[in-house]
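Okay, predicted coordinates and the sequence, questions at the end:
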Amino acid sequence: MTLLTGLRDWIAGFLGEFLATWLLGAALIMTFLAFNVLFLVLAERKLAGHFQRRVGPMEVGPHGSLQSIADMIKLLGKQILTPVATDRFVYLLAPLMVFLPTLCVASLIPLTGAEAFANQPYGLLVIIALSGVTVLSIFMAGWSSNNKYAVLGGMRSVSQVIAYEIPVLLAALSVVMIAQTTNLRQIVEAQANTHWYVLYQPIAALLFFIGITAETNRAPFDIPEAESELVGGFHTEYSGMRFAMFFFAEYTNMLVLGALGATLFLGGWLGPWLPGPVWLLLKTYAVIFVLIWVRWTFPRLRFDQLMSFAWKLLIPVALLNLVITAILVHGVG
Amino acid sequence: MNWAGAVFGASAATALVGAVCAVGLKSIFHNILGFALAMLGVAGVFLSLGSDFLAVVFVLVYVGAVAIAMVYAVMLSVPLDQPARPRSRTKVAGAALFAAIGAAAIWLVVRSAAWPPATGRLDVAAAWAGYRFLRDYVLAFELISVLLVVAMMGAVMVARRSRASAEER
């Protein structure tokens, strides 16, 4: 910690206190996110192996633990191809843009209840608003590639996000109703006085979980990049680091939405003995573990099944849950 | 340096560039991206003026929902490898006329209203907005709800009819 404050004071010498704190915070978060992606990719492959009674990657490092680093070096060294008939400007912009909203969102999750930037009165709204922007860059990638599989993947992604954002929002809203605030730090602090909200809102927690599975484009909702139907979906025409940016954004999105789920329903940084951020990370990775588990257990839905599931089941249940919550909060107190 | 002023200038410039892209570019997808950029710029303007809630709502509604829904218009556009269709002169003139009328109306309203100088930071807070919507502007609020219900029922009817005719074929 003294190292960090020293570094901050040194930067503050020529940029001022305000900018130094924010720059350092952003750099720390980016570094963490980069390492997190390496870890999650490895975890996904090892867990997928074990769920399918294989061993997963074993060659690089002890028990395959350095596989992600080898993959990263491969991706960095790979030639970046740009197809001729693309809409060049949008094609190049999409992989740069896809990561921005997720990065902004990552800085808004409260880690300890002490840091300044996570104490926003509309924190939850900002997170939900910005995660809706990610799909725009996914569609940019799909459309500008000028490839029918890519367009189909982008189109599916848009339809899916529109459908599944609503239950996520409604589920989060029922938590807001209990906590009486959209400030994420205050939501966690409210859970310190009572219980974790997963006990009060089990249905909302389930809806939220299903919704984030769809929003992160993961099986059984991975139809925007269904390999057996669409080659690679929206990122079919991307290679090397540009493809890696989409990958990076997807895994970071998993972490951020998992952390949001942990904050809303599992009490965020709260927990005995260990420091706050460790608890938050443990809970987040627990959510992500279930996400990976689900992905390698269930088969992919068909597109019309996916849509019916959201519009005919999830949204009515979410609305009903919201009404019941409102009655309980304001009627019973 | 005045941070709020710098943010305001940058956001306003972004909004203007986005608006020009939304109207001027040939490809409908570029128009949508321009629209999203313009709305981000407007959100930035709200942010620089201290209305955090309005800024968030702008991103949530206009970038996250309206721009995304506009993406469906791409279905109606020409493929990338074909030349763009030329614009109809009369349509451009009509659009310009309506835009001019709208701008004139806004200008008149701006001129006629009295603008007291801001007393510190005025945040249109969520609770305040909700209170006003359900007290003072409840009629407008309910009218908009009715309009939305009608629009939704219309969408369902259109979808049902096209599905029925597809089955007949």
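Happy to help now that I have it.

can you tell me which residues contact residue 41?
By default, I'm working from chain A. Shown in contact with A:Val41 (Cβ atoms under 8 Å, 6 or more residues apart in numbering or on different chains): A:Ser68, A:Asp71, A:Phe247, A:Tyr251. Glycine gets a C-beta too; all of them are placed from N, C-alpha and C.

wait, I meant chain B there
B:Ser11, B:Ala12, B:Ala13, B:Thr14, B:Ala15, B:Leu16, B:Val17, B:Gly18.

What does the third one show for phi and psi?
Backbone dihedrals for B:Ala13, given as degrees, to the nearest 10, come out at phi -60, psi -40.

which residues does it contact?
Neighbour list for B:Ala13: B:Gly41 [criterion: Cβ under 8 Å, 6+ apart].

With the second one instead?
Contacts of B:Ala12 were listed using Cβ under 8 Å, 6+ apart, and they are B:Gly41, B:Val45.

Same check on the last one?
Taking Cβ under 8 Å, 6+ apart as the contact definition, B:Gly18 lies against B:Gly34, B:Phe35, B:Ala36, B:Leu37, B:Ala38, B:Met39, B:Leu40, B:Gly41.

for the fourth one, same thing?
For B:Thr14, the residues meeting the contact criterion (Cβ under 8 Å, 6+ apart) are B:Leu37, B:Ala38, B:Leu40, B:Gly41, B:Gly44.

wait, doesn't B:Ala65 sit right on A:Val133?
No. Between B:Ala65 and A:Val133 there is no contact under Cβ atoms under 8 Å: 10.5 Å.

More neighbours: which of the two?
Neighbours per residue, other Cβ atoms under 10 Å in any protein chain shown: of B:Ala65 and A:Val133, the larger number sits with A:Val133, 23 against 15.

Ramachandran coordinates for the more buried one?
The phi and psi values for A:Val133, taken as degrees, to the nearest 10, are phi -80, psi -30.

Count the residues that sit near the residue in chain B positioned nearest to chain A.
The nearest approach of chain B to chain A comes at B:Gly64, 2.9 Å away (Cβ to the nearest Cβ). Other residues near B:Gly64 number 26, with proximity taken as other Cβ under 10 Å.

Tell me who's in contact with it.
B:Gly64 touches A:Ala129, A:Gly132, A:Val133, A:Glu165, counting by Cβ under 8 Å, 6+ apart.

The stretch 51-200 of chain A: helices as residue ranges?
Assigned by DSSP state H, counting those that start in this stretch, the stretch 51-200 of chain A shows helices spanning A:67-77, A:88-97, A:100-106, A:123-131, A:134-144, A:148-179, A:184-193, A:197-200.

ditto for chain B
Assigned by DSSP state H, the helices in chain B fall at B:3-24, B:28-48, B:52-58, B:68-70, B:89-112, B:126-135, B:138-168.

Give me the distance from the fourth one to the chain's centre.
By that I understand helix B:68-70. How far helix B:68-70 lies from its chain's middle: 11 Å, per Cα atoms, centre = their mean, to the nearest Å.

Can you point out the buried residues in it?
Neighbour counts using 16 or more other Cβ atoms under 10 Å in any protein chain shown place B:Ile68, B:Met70 of helix B:68-70 among the buried residues.

and it, average pLDDT?
Helix B:68-70 carries an average pLDDT of 79.
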